[in-house]
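Trainee: only geometry, no sequence info:
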């Protein structure tokens, strides 16, 4: 018998399920369309049925529990609360619903916390007790590990470094305030910086030939690599803002490493090298040289499922 | 027999020693002049002798250990490292030296972490698992408790919220950078804000009749209470900066409470009421109403000794 955990990554559009071993091998994978289910009750039925279906003919597998990564998930309560990108409104007790349906242990947390757990169990943070993972996607998510435990806080929603206020009166943020870190230091933030530079500067740029809505962090990174001045400047300014976020996080928990993950981190050295340079400049001197800035050690496509499964594996181990 | 712990508060000028019971009663107190000892070895001799002297004729007391709060103390290593306000240079292994001398368990941490432990064991944070204490004195110190444990981090120096960068290119800080929170949100920061307002504004103020070097946070608070416009504005701006620091801390660890302690906190409602108002305005909406901003529950004069003793009491309990 091989012990496995179902790692479930719930996104606004799709849900991915993976059967994950204690070593982080994904034995099989399934998918559901999250958006097809207007009611959480129906989604729970479908998810349970999918997990049962994935077990068929696999009597060699023993399912030990279900770990779920989902937007606005509360680890303490096992709920998904007021998630703007999901159809299920209000406070959904998904953990209890899934436990009742499956008879198994079910744990929930948000995507970034799941990524941190995945990094700790299966990735580049193995053996680390104090680290932070930043997920640089549409927004900036963060998972903070202190003394080997994810920081959930009193509410269960701790680790919102994307909403550090870094520019007084700065860019409008989806949270209703201005100047939040994620309006600068994210894939979306990079694109906003490009738009700002296109208005402010006069240099030629291939980005001038794209609709604003077509500019992506990937295209900016490609343009920068091809020598586009505006794109390169946008990458540089973005790295500086990531560095400012890191500097303001390090004073809090003095981590051993900061991992960069997600869309913008795919740019690799083009983003990580200037981020290191600016962090060295911006961080409180006492912490200079005490931590590393590293790429995630998890494969992008599998990270969410691995991280979700780590919620359960961490309890078993 | 009554079990006691020696709580030792090492300051640049004086060292205070208190024998503290498990209930937080201080049975006796002693003092040493820190500044008299050019070498840490001599200080250790003197401190040990003082503790022995304090035990004389008290066969009813059983000393269980020595907890020390000191500037730049490293909990992990039991060292005091590069403390600018002490005569002992370099890295001083005070913990090992005191353990060797006394044969007792010795623990060290910095003043703000000790204050956090004191608040948790003997003060207003009893029963809380997630809270932050801000000490608003010459600088801004912080002790952060996550899941019932003080956050020391990889280096042992975590919890430096005074060095959050809150104003790009702002006031010069003792750490060598600019715009650190403590240059605004501290007793010293309040005085700097007064000086800035005296240059910027035209209103009459009794503060105009003092030498800059004579202006203290206490005098500013008194002037504000007496209706001085400049003083009141300085208190308000300072509260707003404390609030910004709180807003940027809450996204990290989502505490149940933030405690204000130290010189500036002595102003009571005059500082805490506007700090609450601005925090409500500045904090990420998801955390609004999820935490309290409270005065410390420890008496100012005893807090350091109580906190230092809590280092040992926490291990015994």
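Mentor: Arrived safely. None of the values given here were measured: they were computed from a predicted structure.

Trainee: Next one: the spatially most distant residue from the centre of chain A from residue A:208, what distance?
Mentor: Most distant from the centre of chain A: residue A:202, at 35.3 Å, with distances by C-alpha atoms, centre = their mean. Residue A:202 sits 11 Å away from residue A:208, going by C-beta to C-beta, to the nearest Å. C-beta coordinates here come from the backbone N, C-alpha and C atoms, glycine included.

Trainee: Enumerate the residues of the stretch 101-250 of chain A near chain B.
Mentor: A:129-130, A:144, A:146-147, A:149, A:151-161, A:163-165, A:167-168, A:175-177, A:180, A:244, A:247-249 (C-beta under 8 Å from any C-beta of the partner chain).

Trainee: which ones among these are found in helices?
Mentor: A:244, A:247, A:248, A:249 (DSSP state H).

Trainee: Let me know the closest of the residues you listed to residue B:300.
Mentor: residue A:248 (29.4 Å; C-beta to C-beta).

Trainee: if you skip the residues just before and after it, what's nearest to the residue of the stretch 51-200 of chain A found nearest chain B?
Mentor: Nearest residue of the stretch 51-200 of chain A to chain B, counting by C-beta to the nearest C-beta: residue A:153, 2.7 Å away. Distances taken as C-beta to C-beta, 6 or more residues apart in numbering or on different chains put residue B:254 closest to residue A:153, at 2.7 Å, once the chain neighbours are dropped.

Trainee: and that neighbour, what is it in contact with?
Mentor: A:151-160, B:130, B:287, B:290-291 (C-beta atoms under 8 Å, 6 or more residues apart in numbering or on different chains).

Trainee: and which of those residues is nearest residue B:305?
Mentor: Closest to residue B:305, out of all of the contacts of residue B:254 and judged by C-beta to C-beta, is residue B:130, at 25.1 Å.

Trainee: any idea how far the closest one lies from chain A?
Mentor: Using C-beta to the nearest C-beta, to the nearest Å, one gets 5 Å for the distance from residue B:130 to chain A.

Trainee: That residue is in contact with residue B:258, isn't it?
Mentor: No - with contact defined as C-beta atoms under 8 Å, residue B:130 does not count as touching residue B:258 (10.6 Å).

Trainee: if we can go back for a sec, ok, the ones in helices among the residues of the stretch 101-250 of chain A next to chain B vs chain B, which is closest?
Mentor: The nearest member of these to chain B, counting by C-beta to the nearest C-beta, is residue A:248 at 5.3 Å.

Trainee: just checking, that closest one touches residue A:163?
Mentor: No - contact status for residue A:248 versus residue A:163: not in contact, 11.8 Å apart, counting by C-beta under 8 Å.

Trainee: that older thread, how about the residue farthest from the centre of chain A, secondary structure?
Mentor: Secondary structure state of residue A:202, per DSSP: H, G, I helix; E, B strand; the rest coil, is coil.

Trainee: Check what pLDDT it gets.
Mentor: Reading off the confidence values, residue A:202 has pLDDT 96.

Trainee: now the helices: where do they sit in chain A?
Mentor: Under DSSP H, chain A gives helices at A:40-55, A:94-102, A:111-122, A:187-200, A:217-225, A:229-253, A:269-282, A:300-316.

Trainee: for the second one, packing partners?
Mentor: Just to be clear, that refers to helix A:94-102. helix A:40-55, strand A:61-69, strand A:79-81, strand A:106-109 (3 or more C-beta pairs under 8 Å, 6 or more residues apart in numbering or on different chains; DSSP states H and E).

Trainee: Now for residue A:93: which residues touch it?
Mentor: Counting by C-beta under 8 Å, 6+ apart, residue A:93 touches A:77, A:78, A:79.

Trainee: tell me the contacts of the nearest residue to residue A:279 once chain neighbours are set aside?
Mentor: Leaving aside its sequence neighbours, residue A:279 sits nearest to residue A:243 (C-beta to C-beta, 6+ apart; 4.1 Å). Contacts for residue A:243 (C-beta under 8 Å, 6+ apart) come out as A:274, A:275, A:276, A:277, A:278, A:279, A:281, A:282.

Trainee: ok, now residue A:47?
Mentor: Going by C-beta under 8 Å, 6+ apart, residue A:47 touches A:8, A:15, A:17, A:32, A:98.

Trainee: coming back round to it: highest mean neighbour count out of the helices and strands packed on helix A:94-102?
Mentor: Comparing those by mean neighbour count (mean count of other C-beta atoms under 10 Å in any protein chain shown), strand A:106-109 comes out on top with a mean of 26.

Trainee: just to revisit the earlier point, can you list the helices and strands packed on helix A:94-102 in JSON lines and add mean pLDDT and distance to residue B:140?
Mentor: Converted to JSON lines, the helices and strands packed on helix A:94-102 look like this (pLDDT from 0 to 100; distance: least, C-beta to C-beta, whole Å):
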{"stretch": "helix A:40-55", "mean pLDDT": "97", "distance to residue B:140": "44"}
{"stretch": "strand A:61-69", "mean pLDDT": "97", "distance to residue B:140": "36"}
{"stretch": "strand A:79-81", "mean pLDDT": "95", "distance to residue B:140": "33"}
{"stretch": "strand A:106-109", "mean pLDDT": "97", "distance to residue B:140": "32"}
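
Trainee: Output the ones you listed as JSON lines; include the columns distance to residue B:194.
Mentor: Converted to JSON lines, the helices and strands packed on helix A:94-102 look like this (distance: least, C-beta to C-beta, whole Å):
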{"stretch": "helix A:40-55", "distance to residue B:194": "56"}
{"stretch": "strand A:61-69", "distance to residue B:194": "50"}
{"stretch": "strand A:79-81", "distance to residue B:194": "44"}
{"stretch": "strand A:106-109", "distance to residue B:194": "46"}
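
Trainee: Indicate which one of those is closest to residue B:235.
Mentor: strand A:79-81 (37.0 Å).

Trainee: by contact count, what packs against the closest one?
Mentor: Counting by 3+ C-beta pairs under 8 Å, 6+ apart, strand A:79-81 packs on strand A:73-74, strand A:91-92, helix A:94-102.

Trainee: And the contacts of the longest one?
Mentor: Applying C-beta under 8 Å, 6+ apart, the contact partners of helix A:94-102 are A:40-41, A:44-45, A:47-48, A:51, A:66, A:68, A:70, A:73, A:77-80, A:104-108.

Trainee: Look up the closest residue to residue A:26, ignoring the ones flanking it.
Mentor: Among residues not flanking residue A:26 along the chain, residue A:18 sits closest, at 4.5 Å (C-beta to C-beta, 6+ apart).

Trainee: Dig out what that neighbour forms beta bridges with.
Mentor: Listed by DSSP bridges, the beta-bridge partners for residue A:18 are residue A:7, residue A:29.

Trainee: can you pull the contacts of it?
Mentor: A:6, A:7, A:9, A:26, A:27, A:28, A:29, A:30, A:302, A:305, A:306, A:309.

Trainee: check contacts around residue A:149.
Mentor: B:146, B:147 are the contacts of residue A:149 under C-beta under 8 Å, 6+ apart.

Trainee: Redo the contacts of residue A:47 as CSV? Include neighbour count and pLDDT.
Mentor: Below are these laid out as CSV (neighbours: other C-beta atoms under 10 Å in any protein chain shown; pLDDT from 0 to 100):
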residue, neighbour count, pLDDT
A:8, 29, 98
A:15, 23, 97
A:17, 25, 98
A:32, 18, 96
A:98, 25, 97
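
Trainee: Done for today, thanks.
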